[in-house]
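Colleague: Provide a 3D model corresponding to the input given below.
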Amino acid sequence: MQIYKVGGAVRDRLLGRPITDIDWVVVGADAQSMLDQGYRPVGDDFPVFLHPQSGEEYALARTERKSGQGYGGFTFYASPDVTLEEDLIRRDLTVNAMAEDDHGLVIDPYGGQRDLAARLLRHVSPAFAEDPLRVLRVARFAARYAPLGFVVAPETLALMRQLAESGELKALTAERSWKEISRALLEPCPEVFIQVLRDCGALAELLPEVDALFGVPQTATHHPEIDTGLHNLMVLQQCARHQQPLSVRWACLLHDLGKGTTPPAEWPRHIAHETRGLKLIKAVNTRCKVPRDCAEPALLVGEYHTHGHRALELRADTLLGLLQSFDVYRRPQRFEEFLAACEMDARGRLGFEDRDYPQAAYLQGAMQAARAVAVQPLLEQGIQGAELGEALKRERLKALKAYKERSAQT
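Modeller: Numbering: from 1, shown residues only. As a prediction, this is how the structure comes out:
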């Protein structure tokens, strides 16, 4: 029985990156011998065990064979006679198909170190094309390692295109897809994730509403980059630069979906794209089973982002309506996320990357002015029920008018 460190821990050590978790593979053992040594079994698909002291996962060396559609369409064979090389060849990329023994010796049968040096994400074997989830995984790795100069090998991109065209991506569950998408959006270069998916045709399969934005022009005065799809990538770039949370990044990815439905005869203008986009945002959220903490901000940003950009021009009653839509009295954090998304949208334009966004501070001030209106004085006047709601609204409107006047004077 021999134990090897495998996968990402080996890759990241060789790259000099922090190691977040360690995977182990056990060669020459069976389930009973693991149990005899105190390992605890987990997982139904193939034999994985938890170390009795560290709790880390140890998997028996195994081979796999395609037996159906999708990520789960495989049968596994784990036995003491499965070699380390046989276990490694079933992995996705050469840089993930290396092992390390307890002396620190790297076992690299498929050229992982060579591809690390060449900064290439290359598939290990043609079996790569059997698992549709690998399209998303490779695009995610590209988003993670792009700052180091990594790119997807042309022959691997070709296999990803083959998978996209085969219809296999439709076999992915929404949960698996969302897990990869959400992780990828939090990588250092989320725009690379979207671009790689587009390059292999997978974006049109997984997020056709986002894919439809490419090639759609915008007014050059406001968008010197012209292309709506390119603008979307630039907005994601700003999200990473400013370390925005997932909710903001997801909202930014979907904020302009309505522009993809503008009739070409109306280009480059996109009148009412905000409201036209809501149906599409809802469809994407539903299809991907997006959690509520990301789905709701995406809808709100889609509907109101142009209000954010025109904040200084809004009338007091429009400002009040905006604040009410976000329920800033109970959920101010949601409005803060909206402001962050608006700022990323404004900065995600050619030549605007470092411009100030005074609208954010102005709208924060408006929120504080409205929230500062106290209920107690109204209650003390005996106002109750529906009348109390109307009275609160009048007082908040008065506060916002005063805030606008003060802002105009400074």
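Colleague: dump the residue contacts of the spatially most central residue of the chain.
Modeller: Centroid-nearest residue in the chain: residue 185, 2.6 Å away (criterion: C-alpha atoms, centre = their mean). For residue 185, the contact set (C-beta atoms under 8 Å, 6 or more residues apart in numbering) comprises 193, 236, 239, 246, 249, 250, 253. Every residue, glycine included, has its C-beta placed from N, CA and C.
Colleague: what do you get for residue 162?
Modeller: The contact partners of residue 162, by C-beta under 8 Å, 6+ apart, come to residue 129.
Colleague: ok, it to residue 131 distance?
Modeller: 12 Å (C-beta to C-beta, to the nearest Å).
Colleague: Equivalent analysis for residue 281, please.
Modeller: With C-beta to C-beta as the criterion, residue 281 and residue 131 are 29 Å apart.
Colleague: Neighbour count: those two, which is higher?
Modeller: Ranked by neighbour count (other C-beta atoms under 10 Å), residue 281 and residue 131 place residue 281 first, with 25 against 21.
Colleague: So which bits of the helix or strand hosting that one are buried?
Modeller: Residue 281 belongs to helix 273-287 when assigned by DSSP states H and E. Residues of helix 273-287 classed as buried: 273, 274, 276, 277, 278, 280, 281, 284, 285 (neighbour count, 16 or more other C-beta atoms under 10 Å).
Colleague: Please verify my assumption that the fifth one contacts residue 304.
Modeller: No. With contacts defined as C-beta atoms under 8 Å, residue 278 does not count as touching residue 304, sitting 10.6 Å away.
Colleague: is it true that residue 197 touches residue 135?
Modeller: Yes. Between residue 197 and residue 135 there is a contact at 7.3 Å, judged by C-beta under 8 Å.
Colleague: how about CSV for the contacts of residue 185, with distance to residue 84 added?
Modeller: CSV is the format used below for the contacts of residue 185 (distance: C-beta to C-beta, whole Å):
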residue, distance to residue 84
193, 31
236, 39
239, 40
246, 37
249, 38
250, 40
253, 40
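Colleague: Now list the buried members of those.
Modeller: Of those, these count as buried by 16+ other C-beta under 10 Å: 193, 236, 239, 246, 249, 250, 253.
Colleague: if you skip the residues just before and after it, what's nearest to the third one?
Modeller: Nearest-residue entry for residue 239: residue 249, 4.6 Å, with adjacent residues in sequence omitted and distances by C-beta to C-beta, 6 or more residues apart in numbering.
Colleague: Wait, that neighbour touches residue 184, no?
Modeller: No. Applying C-beta under 8 Å as the test, residue 249 and residue 184 come out as separate, 9.7 Å apart.
Colleague: Now do the shared contacts for the two.
Modeller: With C-beta under 8 Å, 6+ apart as the test, residue 249 and residue 184 both reach residue 190.
Colleague: need the contact list for the spatially closest residue to residue 354 that is not a sequence neighbour.
Modeller: Residue nearest to residue 354 in three dimensions, not counting chain neighbours: residue 347, with 7.6 Å by C-beta to C-beta, 6+ apart. Taking C-beta under 8 Å, 6+ apart, we find residue 347 in contact with 235, 238, 353, 354, 355, 357.
Colleague: For the last one, give me the pLDDT.
Modeller: Okay, so that is residue 357. pLDDT, residue 357: 98.
Colleague: swap in residue 372?
Modeller: At residue 372, the model reports a pLDDT of 96.
Colleague: what sits against it?
Modeller: Residue 372 makes contact with residue 399, according to C-beta under 8 Å, 6+ apart.
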